[in-house]
Every structure is written in structure tokens, then in C-alpha cells.
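Chemist: Take this sequence and fold it.
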Amino acid sequence: MAVSLYASLLNLAQSLDEMQQRHEDGKMDFDKQQVQILQQKVHILLTLLETLPTPLSSKIDTLVRKLSRLGAETELLVDAEVVEQVSSTKEWNRIGLSKELSELIQKLDLIIDGMRAEPVFSDLSPNDSIPIVSSTLSSSENNVAIGLAEKKKWLIDELISQNKSLQVIPIIGMGGIGKTTLAKCVFETPIIKRRFDIHLWCTVSRKYDEKQILNSLLQDESNEENREKGTKLYQKLHNRRYLIVFDDMWSVDPWEYLKKFLPDNDTGSRVIVTTRMPNLADSLRLHPQCIMDILDEDSSWSFLCEKIFNGKQKCPEELEKIGRDIAKDCKGLPISLVTVGGLLSKSSMNVEQWKYVAQNVRKIASNGDCMKLLYLSYYELPMHLKLCFLYFRTYSEDEPIDAKSMQTKWIVEGFVKTTAGKSREDVSEEYLKDLIDRNLILVHSRGFFTGKVMKCGMHDLLHDLCLAESKKENFFRIPRDVRLERYSNRYSRCATCPERVPSKETVSVRFCKKCETEYSRIGKSKFRLRFSKSKSNYITNVRSARMSGRGTNSPQYGLNLAACFLWNLQMLEVYNLRNVFSWRTFDSKFIYPDVIWEMKELKSLISVGVLFPEPRRNIKVLLQGLETLSVDCLPLEVVKRIPNLKILRLILEQGDKYSLCEDEEESIDFSCFQQLQSLGFKLLERHASKSILFPCSLNKLMVQFEYMSMGQMTAIASIPNLEILELRSCDVRGVNHVSYLQGCFPHLKVLALEGSKIEFGSLESENFPNLEKLKLEDVEFEIPSWIGDIPTLLSIHLKKCSACVIEEAVELLKMQRDLGNDILELYVEGEAYVDLLDDETEDDSMMKNKEKVNSQSYDEDSIVGIHDHFYYRIIHDLSSPYIYL
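Modeler: Numbers count the residues shown, from 1 in each chain. You can find the predicted model right below:
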């Protein structure tokens, strides 16, 4: 209950802060002193919970359970009162609220006194904490395949053997023993990449879904019937040499269904199946088999050291004996070594701390229970990380999770504390990194350019732990983000777990029957937000809303509700799809209400196809709290009245009203945005004569252009802190202009060029003294040889380029290798091509015809993300309100 209580109190503290702001604006009426007293009590309780030891004594556990019920009651009271005052036109009942708050404060005082009387809190000041996880030393996110060398060699030999018929090879072993690690290690080996034309990876899991498996294999989310998708898969694989990995298969049923779509072409195709079930391989008569064994003591110790020290240092002598004992007690199971290693990497590197861990590991290991070893790492998490860890219960087992979207949900749920000098987004990234460093979260993919985590997940054993602990904690959160969609599918996701529930187009938050039964608070929570002409019964204190519709089903009514009732909305996305797909004729019928300009708490606004009202001219500053803005129909002159923007994306080309500037103006001026860090906009041919002014704070820029003058290019090169630049030329019929890069880019680290209307001109390597990554997409020009002479260049990425451009890049790489440059790497369609240099006999046609399916995508990490269809790309990319250009 302690974690669930901590979440409620964090959220309550944030709501009380927002109430105070609302009171100062004259939008609410209550006893300010009384609310301040309640705030003090909440902060005292948060401090006590942060110092709470694990496990809890029976008396403290009883107090926590009482407090949990009281915290939930207080949270609901504050929410209900805010909704009542904001939405009611009647006189506010200040006396009734004061009485209820007074009773709650008295109850809180009794519980706080009871907790302080406990000996465990007697020696702790409010700033003290239990000293177990204090080091900042990070461990590696990749599970090094220590002890798997022989298995790896055997598996590779089987995959490249001369047997031409389709072979299915199972990897069998208990949970956490390294089956997936071995399969992935072999899957990514250069010789295997060269051997097969098609590489596919699909995670099956216990609760498999035939359509999801086919979608994963085809990279296709269409609504075709399974039989049609299966036929497409068969045609895709026919007469090709393919390698498919089916990870985590639990029964014979998915294989019996899929095998008819896997042609035996006599081309040497292979299928790898990882499974915990030995009888599965036997029933399928799959031979040969790869049986995974536990690690021996020496391999266990090497593996543990790698997890703790990340290969950067040796284990101190005074810790080695204790460490070897810990490794021995992990019984050779990699998942246990990984999680215990993550715990030790965050501990103080002293004998006392390691002995403490060793005693706990030995006690648990004596019972032979691997899960309890995983619990040890969970129990030692700080309270704020326990919240984030338990939030993974809302995702299904083995599901690839969008990291940015998940971090946004942590923020709107109130899990992320504000820290001086850091935004909540920065703090949420630190939380995720901490969980990764502790080996509790797996990194599936990172962005090629930014290096940020894009997709992450959780080992199924840790996911089991997460589900069990969240049930024990009664970890239910009132949803703080809502979606209103009139074109939604028949099924949507439960708000608190991965189960599918029937969609009701008027209700934004839905629960499965299991959760409604399990969590009694669902029935008491007032969070039904209805998407209809009638007034909503209740609107919760939500912080994030996404609204979309088409034509007459536009989000107009939802807009009115959001603006009037969602009193502390921080993130808002609105898509009028009728305007999106016919954007040249905007329908002025759909427009934001005037109060959009009064949303002081709004941090992020993404708007497509909806008009804005004209703000009053006497208001010089609009939306002071707004940091992220992406719009397609808001004049730049109005945008300039929003002073604190950090991320700005403008899609303005709908005539003079929504252009970047008036025809009579001499410049396009962005210099007024003194805090702007990321900017994206479209430059039309009629803007070619305009000068462009940029703020000095800018470090990321994307420009999509019909034509760009030399002067404009020089202005871009002159941005003093620019580190990432993406230039995309529009395919404008009848326009043959070519734009040339010009000037020196002193701090530029990433350069991305797309389209045949961009060329390097007369530049040399000296113009890019700090360039690290170069991306070329859909270009036809010759790659200059001096590119390889840039001393800081780490990688070149090619996408949708002709075979001629690829050959030039390979030749450039060979030349650099001959000169002793072993750092530079070449990627084509997301896959490393440096390995081709080691195999001169490889058929050159492989480079042209090889089909690649890779977990990392350039588009996912696009600096701004404007694709062939401008607005379709926006809808695809902006599922999260936090856009990193």
C-alpha cells in the first residue's frame, strides 16, 4: 500500500498547488490557510514514506493502510470540489468544503503522530534516507553473452549449413537463462546478415494474437483478414532465403497456424524458436535442438562483474570474495545475475553494503526461488522509481513500449517531481535511465541521431513481479489523460491494464470488468468525460487530452468541454481530420473557444485542422506556461506573443493569413523566441527573397523548402549553437532550383539532407569541424570524398538512395579503412554495411536487393518528422505531446 499511497500524495500535492494558483486568479474560493495546512501535512507524509524501510512492521503497515484510504478520500474530495466550482454557475459552498477539509486534517494528524512514534522514524530527520542505493555508476544496458560462445558458434553453423531445406531450430531453457540474448546475438552477427535476404523477428508470448504476429512479420497494421495477410507473407518469402525468429513461444498452436505461410524454397531458409517448454520442441519433432545450461561459477562471476562495473574497472580486492559468493548464490541464472548486478552497481562500493546484499541473496537463494532475488532489487528502489516500475503493469508482456509516450504518462499521473533547473521531461528521462542502469528495464532501440531511448520493455519474469506487486499494492491510478475519438476501433485498451474492452465513442476512459471488480475506487471516481452535445456529468482533474474527429464528428464539443472544465490541462492535442485531409479549404466552423488563451497550466499544444480565435489586442503575452507548440493555422504574429516556447513547429502555407510573413515584410523573424531550442517550418518559393532571423538559443532546426537562397543558407550556418540540422526539399512540379549548402557550421553534430535539390557545392571538410553523423535520404548527387576527411565523423546513414550512391559510400568507406580510419561506420536502410568490406566474394546484387527489417527506424527519430504526406506524417508522429525536433 505504501507505493500506491505515495502516488496519491504526490498527485494530491500537485493538485493543491494548482488550486492555490486558481484561487489567486479568482477562479476558486476556499480557505487558503486551511489548504496550506493540508499541503504541509502532505509533504510531511511524503518525507516519511521516502524513508520507509522494507519490509514494513505490522503496526506501520496498519497505519499505511489507513492512510492510503484517507489519501484516496482526500484526492477524490479535492477533484470533486474543483470540478464543482469550475463548472457550476451557483454560489460556491465554501463552508461545506472547509468542514470536510478540517476533518481530513485531524485524521491526518493522528496518523502522522502514530508514524512518528515508531522507533524506525525516531532517528531520521526529514532529509534522511536509508543508505543502500547511492552510487551513480551505470551498468551496461546490453546483456553480454558471457558463457554463450560455444552455443553461439553451434547455432551459427546450423544456420549457414549447406542443407537447402527449411530448418526450424529451437532454443530451449528456463525463464531468464538467456535464450533471447543468444538469439539476438546470433541474429545481429554480420555473417548471418549477409547470409539471408530477409530477417524477421517476432515475439509471440503466452497470450499470442494471430493478427498481431502477422502484422509484426509484415510491418503492416491494415485491417485485412488474417488469411490475406498470411498470403502476403507467403508471397514475400517465396523464393527468398529468409531467417525468422519466433521469440518466447509457449505452445504448439501458433506454430501450427504459421507454418503454412512459411514456404520451403530449398534456399537454405531457417526459423529459430525460443521456448521454455521442452515438450514443445519434442511435439514438433524439431532437431537439432539448442539446450541452454546455467552458467558455471567463473562465468557467473565474469557476468556479474560486467553488470556492476560495465567493463570500465576491475572489482576492488576487498569486495571480490563477497562478490564471488553473491555470484555463486545466483545459481548461474543470468536474469538473477543481471538484476543483482544492477542493485550492486547503484550501491556504495564498500564491504558493509556488499555484505548486506550478500546476506539477502544467500537467504533467498537457500529457498531456490529466482523470483525472490528479483524482488530484492525492487524493494531497494527509491519510492519514486517504484511508482514508475509498477506503471509497466499497464503494458502487456513482451510489448515494445514507446519510451517518450510512457514518460509523458508518468508526468501527467503526477509521478515526476519538479526539480530546480530541470523540466519534468528531463527528470522523467533520468527516472528511465535509472531503471535501465539497474537492469530492470530493457532497451530495445535508440534513436540514430539523438541516442535517446525510443523503444523499451521488461523481461517477462520482471513483468510477473510487476503484476504481483501492483496487485498487492492495490496500485490503481485515476486516469489523468483522456482521448475523445469518434472514428475509433471497435475495441480499445483498458485504462489500467493491457486488456481490450469494447469501445464506446462517447466515453473517453474505459475499464475491463476485471479491473472494475478488483479496484473499488473506479466506481467512486468522477472522471466520465462525454463527447456529445449534452453537458458532461463529471469531468475529472485530468492533465492531458487528445481529441480527434472527422467532418461533422469534429472535436468541437470536446474542445468546448476541455477549455471550460479541464481546469489544469497541461497537454492538449486536437486533430480535425476533415481539415487534415483537405487542408487547402479550412472549415472555419471548427474553432477553439476564447478561453484557450486563458489556460495558464498548458505546457504543450498540438493542433491540426482547427482554427484559433483572435486574441484580444490589449493582451500582450499569451499562454506564458506553453513550451511546445505545433500548429497549422495560427499567424506567426500571434505565435510571437507566446514568450516561453522551447519547441516550435509551424506548418503555415494557407495563404497570406497563415504565412510566415506578409509579402511587404523584408524578413521572417524568429529572433524574439529567446528560449527556443527546436524549430521546424516550411519555406515557400515566394519567401526566397526574405532574410531569416534566428535566436541564438536554437540548437535544432528543420526546414522543408521549395527553394532556399544563398543568403538564407548563410543565416542558418550562422546560428551559433546549432547542433542538429535537417533540410528537406519539396518535390515542386516545374521547379528545377538546386540549393547549395554554404558557410561554416562550427558546432553542427548531425546533418540530414533529403531530396535531390540539395548539394554540397564547394564546401570542404573544414566547414564541418564537429560533424558526427550524416544522413542522406533520396539523394542522387555524388558524395564528395572529403566527407571521410572530417575527423569527428562517426557514421553515414543512407536511406532510399540509388545503388550508385550506395556504391560511392562503400568506396569512401574502403578508402578510409585503407587510411587507418576504423571509427567511421556506414548504415544503409538502418543496417551496418561495414561488414561487406570483409567479404569481397559476396554477390553485389545483395546490396541492391536485400530486404531489411530493422527494429530501429529513421522516421521514428526524425528531427521533425514531415514525410511524403505532410499531415499524415504529423498524425503518425505526434502520438505524444512532447516533440523533440
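
Chemist: Look up phi and psi at residue 739.
Modeler: Dihedral angles of residue 739 (phi, psi; degrees, to the nearest 10) stand at phi -100, psi 140.

Chemist: tell me the pLDDT at it?
Modeler: Residue 739 is assigned 73 on the pLDDT scale.

Chemist: how much space between it and residue 426?
Modeler: Per Cβ to Cβ, to the nearest Å, residue 739 is found 35 Å from residue 426. (Each C-beta comes from the backbone N, C-alpha and C, glycine too.)

Chemist: again with residue 196
Modeler: 41 Å.

Chemist: Just want to know which of the two has more residues nearby.
Modeler: Counting neighbours by other Cβ atoms under 10 Å for residue 196 and for residue 426 shows that residue 196 has the greater number, 23 against 11.

Chemist: out of everything not next to it in sequence, what's closest to that one?
Modeler: Spatial nearest neighbour of residue 196, excluding adjacent residues (Cβ to Cβ, 6 or more residues apart in numbering): residue 243 at 4.2 Å.

Chemist: Please settle this for me: is that neighbour part of a strand?
Modeler: Yes. With DSSP: H, G, I helix; E, B strand; the rest coil as the criterion, residue 243 is assigned to a strand.

Chemist: how about it, what does it touch?
Modeler: Neighbour list for residue 243: 159, 187, 192, 195, 196, 198, 199, 200, 269, 270, 271, 272 [criterion: Cβ atoms under 8 Å, 6 or more residues apart in numbering].

Chemist: Now, those residues that are in helices?
Modeler: 159, 187, 192, 195 (DSSP state H).

Chemist: for these, which one is nearest residue 569?
Modeler: Ranked by distance to residue 569 (Cβ to Cβ), these are led by residue 187 at 44.2 Å.

Chemist: isn't the closest one right up against residue 200?
Modeler: No. Contact criterion Cβ atoms under 8 Å: residue 187 and residue 200 do not qualify, at 9.7 Å.

Chemist: residue ranges of the helices in the stretch 151-300 of the chain, please?
Modeler: 179-187, 190-195, 210-218, 226-237, 253-258, 278-284, 297-309 (DSSP state H, counting those that start in this stretch).

Chemist: picking that back up, and the contacts of residue 243, which is closest to residue 457?
Modeler: Residue 457 has its nearest neighbour among the contacts of residue 243 in residue 187, at 16.3 Å by Cβ to Cβ.

Chemist: Quick check: closest non-adjacent residue to that closest one.
Modeler: residue 245 is the one closest to residue 187 (Cβ to Cβ, 6+ apart), at 5.9 Å.

Chemist: Let me know the pLDDT of the one you found.
Modeler: 92.

Chemist: count of residues packed around it?
Modeler: If we define neighbours as other Cβ under 10 Å, then residue 245 has 21 of them.

Chemist: Who are the contact partners of it?
Modeler: 183, 187, 200, 201, 202, 271, 272, 273, 274.

Chemist: tally of neighbours for the fourth one?
Modeler: Okay, so that is residue 201. 20.

Chemist: Look up the pLDDT of it for me, please.
Modeler: pLDDT, read off for residue 201, is 90.

Chemist: Report the separation between it and residue 187.
Modeler: 7 Å.

Chemist: Who are the contact partners of the residue most central in space within the chain?
Modeler: By Cα atoms, centre = their mean, the mean C-alpha position of the chain lies nearest to residue 403, the distance being 1.5 Å. By Cβ under 8 Å, 6+ apart, the residues touching residue 403 are 432, 452, 453, 454, 455, 456.

Chemist: So which of these are in helices?
Modeler: residue 432.

Chemist: any idea which of the contacts of residue 403 is closest to residue 46?
Modeler: residue 432 (21.6 Å).

Chemist: Surely the closest one is in contact with residue 454?
Modeler: No. Contact criterion Cβ under 8 Å: residue 432 and residue 454 do not qualify, at 11.4 Å.

Chemist: Without its sequence neighbours, what residue ends up closest to residue 354?
Modeler: residue 322 (4.5 Å).

Chemist: What separation is there between that neighbour and residue 201?
Modeler: 39 Å.

Chemist: Dump stretch 57-65 to PDB, restricted to CA.
Modeler: What follows is stretch 57-65, C-alpha atoms only, in PDB (Å, rounded to 0.1, in the frame of the first residue of the first chain):
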ATOM      1  CA  SER A  57       6.300  -3.800  10.500                       C
ATOM      2  CA  SER A  58       2.700  -4.800  11.200                       C
ATOM      3  CA  LYS A  59       2.000  -1.600  13.100                       C
ATOM      4  CA  ILE A  60       3.400   0.600  10.300                       C
ATOM      5  CA  ASP A  61       1.600  -1.500   7.700                       C
ATOM      6  CA  THR A  62      -1.700  -0.900   9.500                       C
ATOM      7  CA  LEU A  63      -1.000   2.900   9.600                       C
ATOM      8  CA  VAL A  64      -0.100   2.900   5.900                       C
ATOM      9  CA  ARG A  65      -3.300   1.100   5.000                       C
END
